[in-house]
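Q: I'd like to go over a predicted model; first the sequence, then the structure.
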Amino acid sequence: MKLNFKQLAIIYFIMLYLHITAVVYFPSVEPFTKPFLMLILLYWLYTHKSRITNKGVFNATALALVFSLIGDEFMVFEVGRPLVFLGGLSSFLIAHLFFIRAFSFQRNKKLKVSNSFLFSLMLQGVIIFMIFDKHIDNQLKIPMYLYCLVIISMVNFAYLRKDSIDRWNWNIGVIGAFSFVISDLLLAYNAFVTPFKFAPFVLLTHYGIAQFLIVNSIIYSFEAPKD
């Protein structure tokens, strides 16, 4: 049975908050609840394959979700294990590169990659680097800074679809990209600066919303198939 959008959204967000419940109260089942989020989105993407008329967009989005799934599993076990954390960071970095690739197929060629929006993102990134720098171990600094540059680029490429797709899906794509940034900032603050109350709820909610919005922004930016 093929799900409609409302059914998909209900199932996805129920699984998201079941996972958050597991993180807080039943950590032993966390490795089993986390994969469902990306598997649901992969299912949703696959069932809309005929809508996505650009094969490159479909493949890049699917790979972004696969590497997000891998990163999710790394992050479940990363506490106190720097190498596992680096594995998760690397997986999400690759996922963002594939999201950049997916967005690049829909880029408005009239907009320059280097633009005022990117400049503002870079300025915000520098401020964030200054805040976090003293809290991050030296061995993690270069990977973290590289990751930040990639996720800033991902937000910029979401922006670069402006006027090449419909306004609604452009908006939710940019919002989704920013939600990813917020999720990562909260994760870094919780891990390297100080743990804060309700951290799993807040950062995982932003992460779940980010993935959901980005994938649906990509799917629905194409015309419905004529069949």
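A: Great, that's in hand. Numbering: from 1, shown residues only.
Q: list phi and psi for residue 48.
A: Backbone torsions of residue 48, given as degrees, to the nearest 10, read phi -110, psi 20.
Q: I meant to write residue 198 there.
A: In this entry, residue 198 is assigned phi and psi values of phi 60, psi 20 (degrees, to the nearest 10).
Q: number of nearby residues for it?
A: Per other C-beta atoms under 10 Å, the neighbour tally for residue 198 reads 10. In short, each C-beta sits where N, CA and C put it, glycine included.
Q: for residue 20, see how far away it is.
A: Noted for residue 198: a distance of 10 Å to residue 20, by C-beta to C-beta, to the nearest Å.
Q: cool, residue 60 as well?
A: The separation that residue 60 has from residue 20, given C-beta to C-beta, amounts to 28 Å.
Q: ditto for residue 173
A: Applying C-beta to C-beta to residue 173 and residue 20 gives a distance of 24 Å.
Q: these two - which one has more neighbours?
A: Between residue 173 and residue 20, counted using other C-beta under 10 Å, the more crowded position is residue 173 (29 against 20).
Q: which residues does the helix or strand harbouring the more buried one contact?
A: Counting by DSSP states H and E, the secondary-structure element that holds residue 173 is helix 167-188. Residues outside helix 167-188 that contact it (C-beta atoms under 8 Å, 6 or more residues apart in numbering) are 96, 99, 103, 128, 132, 144, 147, 151-152, 154-155, 158-159, 161-163, 165, 199, 202-204, 206-207, 209-214, 216-218, 220-221.
Q: now those residues: which count as buried?
A: A residue is treated as buried here by neighbour count (16 or more other C-beta atoms under 10 Å); on that basis the buried members of the contacts of helix 167-188 are 96, 99, 103, 128, 132, 144, 147, 151-152, 154-155, 158-159, 161-162, 165, 199, 202-204, 206-207, 209-214, 216-218, 220-221.
Q: wait, residue 122 sits on residue 155?
A: No. Taking contacts as C-beta atoms under 8 Å, residue 122 lies outside contact range of residue 155: 10.7 Å.
Q: poorly predicted segments of the protein, please.
A: 1, 79-80, 224-227 (pLDDT under 70).
Q: tell me what the longest helix seen in it is packed against?
A: With DSSP state H applied, the helix covering the greatest number of residues in the chain is identified as helix 82-105. If contacts are counted by 3 or more C-beta pairs under 8 Å, 6 or more residues apart in numbering; DSSP states H and E, helix 82-105 sits against helix 55-76, helix 138-159, helix 167-188.
Q: can you put these in JSON lines and add distance to residue 8?
A: Rendered in JSON lines, the data for the helices and strands packed on helix 82-105 read as follows (distance: least, C-beta to C-beta, whole Å):
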{"stretch": "helix 55-76", "distance to residue 8": "14"}
{"stretch": "helix 138-159", "distance to residue 8": "21"}
{"stretch": "helix 167-188", "distance to residue 8": "15"}
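Q: no more questions from me, cheers.
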